[in-house]
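**Student:** Please work out how this folds:
(chains A, B, C and D)
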Number of protein chains: 2
Amino acid sequence: MAGGTGLNSDVRELRQELLFSALRGIEGSSSLAFAIFENLAVQIVEGRLPPGHEVNSADLARQFSTSRTPVREALLLLEREGLVIVPPRRRPFVSPVALTQVREIYEIRGSLYGLVSELVVARATDEEIAALAQWGQLLAQDAEQGDVDGYFWHNVGFRNAEASLSRNTELQRRLSSLGLQMHRFRHLSLSLPGRLLHSVADHDRLLRAYADRDAALAAAVSRSLVLRGLRAIEKSDRFRESS
Amino acid sequence: MAGGTGLNSDVRELRQELLFSALRGIEGSSSLAFAIFENLAVQIVEGRLPPGHEVNSADLARQFSTSRTPVREALLLLEREGLVIVPPRRRPFVSPVALTQVREIYEIRGSLYGLVSELVVARATDEEIAALAQWGQLLAQDAEQGDVDGYFWHNVGFRNAEASLSRNTELQRRLSSLGLQMHRFRHLSLSLPGRLLHSVADHDRLLRAYADRDAALAAAVSRSLVLRGLRAIEKSDRFRESS
DNA sequence: CTCTCACGAAGTGTCGACACCTTGTCTCTG
DNA sequence: CAGAGACAAGGTGTCGACACTTCGTGAGAG
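**Tutor:** I've put the predicted structure just below:
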């Protein structure tokens, strides 16, 4: 695991860090359980453990060569992130990705990022907003080069930066949790033709609203930015009601 | 526990039901752990376990006469609701109620209830909205009679009703979780003079917006309704940074 | 040949045990 | 008499074990 694909593994870790940073603080209990949690979360998010796949604690304990206790805790953490379903007395399994649930999550996320943008306008310094604008440039570059993957991760970075400027830790944590879920269908959202350019335009509008300290506009743009992602998924015929 | 204060205990259970209904679905793992979770949650929310109070798994296991395993799971659930902090290798304790955290939670809640109101306008039938209006009447009665407690619980009922009309289960769940936290400082919010009447007026405006199917207005009112609660707390000198 | 039911494999929830760590106390030194 | 450091008490994280439940399989009845 250490070493792995050389430089690629570094990038990988960075990305993982991006995903879990806000979650790390709360990690109850042991670090072993949290390690297992992270490991499984990544596998689920990247689709290596497909929806419906059984994740029983006995198998996993063997696999990680620990006892079942930390595994069970990890499963509870996964459940709280909505990645796994743990029915009582039955075997846990990777939660399905139903379109309705996707919609629900996007709605929440849209609303919360609206809030983030308002708070950013209210609380961020001019320097911080300028720093945000640099993310916008990265995004524009990626879009120009058609680098969907780069765009996605820079977008995550941008989002995290925004969230942290909101100066609301609870909000950050909850968004982080939603973000984890969203990664499961991320490829659906950005791969539509023309989508990236639309998105870049939206980011521009958002950054301008920040610069103008226009809270209402920023909130509206931010929200519609998220919801546009939802529309993209809804239209995507690549969506399958995967189990 | 069964029987208890006679009729009062029934009311109590009903209230508890109101608090936990949306959380019940996810209860991972065992029902024993969930029972302990509920028990402790109520004690914390009602202030019988004050902030900072130590809740170590060994003691609790003796107290509930089980092993530590289900207790530990219950503690994890409590942590996910933000009621308890479980530092690694250290004894868990009831989480403090800091004003900043209260503010953070109210901000989130305000935003999400704005979303709820929008969704209600979009998705609820006329009959359902009429049913909501009945809650408004109950609230008005309580306010008239100065029944703060009755007002509070009818308000919870109203909120739950709204949330369920949003037809977004994820949203319901997350609001439920926030609601649990808010109960810890509820007495701070409503006890200010004149607060109830303001609140009733806001509810009226909200219900009218529903009747008119005015999504934007409903969202704004709903949100300001929550934020007014926050202002009330901020002004309340009864607030102590209870460790 | 299909449906029912009993059996067995395997997983879950819970338990008691154990090593390690943290913390408060108590002693010893300066 | 104050402060550093050893010690004991008690908590945490992890483990392996065990009863109970669930589910798949296969034998037997219709």
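**Student:** show me the contacts for residue A:102.
**Tutor:** Counting by C-beta atoms under 8 Å, 6 or more residues apart in numbering or on different chains, residue A:102 touches A:185, A:230, A:233. C-beta here means a position set from N, CA and C on the backbone, and glycine is covered the same way.
**Student:** which parts of chain A sit against chain B?
**Tutor:** Within chain A, the positions near chain B by C-beta under 8 Å from any C-beta of the partner chain are A:26-31, A:69, A:72-73, A:75-77, A:79-80, A:82, A:86, A:88, A:101, A:104-105, A:107-108, A:110-112, A:114-115, A:119, A:168-171, A:174.
**Student:** sorry, back to before: so which of the contacts of residue A:102 is the most crowded?
**Tutor:** Among the contacts of residue A:102, residue A:185 has the most neighbours (other C-beta atoms under 10 Å in any protein chain shown), with 22 neighbours.
**Student:** hang on, the earlier thing: report the buried members of the residues of chain A next to chain B.
**Tutor:** Neighbour-count burial (16 or more other C-beta atoms under 10 Å in any protein chain shown) applied to those gives A:26-30, A:69, A:72-73, A:75-77, A:79-80, A:82, A:86, A:101, A:104-105, A:107-108, A:110-112, A:114-115, A:119, A:168, A:170-171, A:174.
**Student:** on that earlier part again, and the contacts of residue A:102 as CSV, adding pLDDT and secondary structure?
**Tutor:** CSV is the format used below for the contacts of residue A:102 (pLDDT from 0 to 100; DSSP: H, G, I helix; E, B strand; the rest coil):
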residue, pLDDT, secondary structure
A:185, 80, helix
A:230, 89, helix
A:233, 83, helix
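**Student:** Ramachandran angles for residue A:213?
**Tutor:** Here is the backbone geometry of residue A:213 (degrees, to the nearest 10): phi 60, psi 40.
**Student:** Take the buried ones among the residues of chain A next to chain B and keep only those in helices.
**Tutor:** A:69, A:72-73, A:75-77, A:79-80, A:101, A:104-105, A:107-108, A:110-112, A:114-115, A:119, A:170-171, A:174 (DSSP state H).
**Student:** filter those residues down to the ones near DNA strand D?
**Tutor:** A:69, A:73 (C-beta under 7 Å from any atom of the strand).
**Student:** Secondary structure of residue A:205: a helix, I assume?
**Tutor:** Yes: applying DSSP: H, G, I helix; E, B strand; the rest coil, one finds residue A:205 inside a helix.
**Student:** Which stretches in chain A count as strands?
**Tutor:** Here chain A has its strands, by DSSP state E, at A:84-85, A:93-94.
**Student:** could I get those strands as JSON lines with mean neighbour count?
**Tutor:** JSON lines is the format used below for the strands of chain A (neighbours: other C-beta atoms under 10 Å in any protein chain shown):
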{"stretch": "strand A:84-85", "mean neighbour count": "22"}
{"stretch": "strand A:93-94", "mean neighbour count": "20"}
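**Student:** lowest average confidence, helix or strand, in chain A?
**Tutor:** Using mean pLDDT, DSSP states H and E, helix A:186-190 stands out as the lowest-scoring helix or strand of chain A, at a mean of 65.
**Student:** Excluding residues flanking it in the chain, which one is nearest residue A:85?
**Tutor:** Using C-beta to C-beta, 6 or more residues apart in numbering or on different chains and skipping the chain neighbours, the partner closest in space to residue A:85 is residue A:95 (4.9 Å).
**Student:** Now do the same contact list for the residue nearest the centre of chain A.
**Tutor:** With distances taken as C-alpha atoms, centre = their mean, chain A has residue A:179 as the residue nearest its mean C-alpha position (2.5 Å). The contact partners of residue A:179, by C-beta under 8 Å, 6+ apart, come to A:19, A:156, A:159.
**Student:** ditto for residue A:66
**Tutor:** Shown in contact with residue A:66 (C-beta under 8 Å, 6+ apart): A:32, A:36.
**Student:** phi, psi of it?
**Tutor:** Dihedral angles for residue A:66 - degrees, to the nearest 10 - are phi -130, psi -170.
**Student:** Mind pulling up the pLDDT for the residue in chain A that DNA strand C sits nearest to?
**Tutor:** Relative to DNA strand C, the nearest point of chain A is residue A:56 (3.3 Å; C-beta to the nearest atom of the strand). Looking at residue A:56, its pLDDT reads 96.
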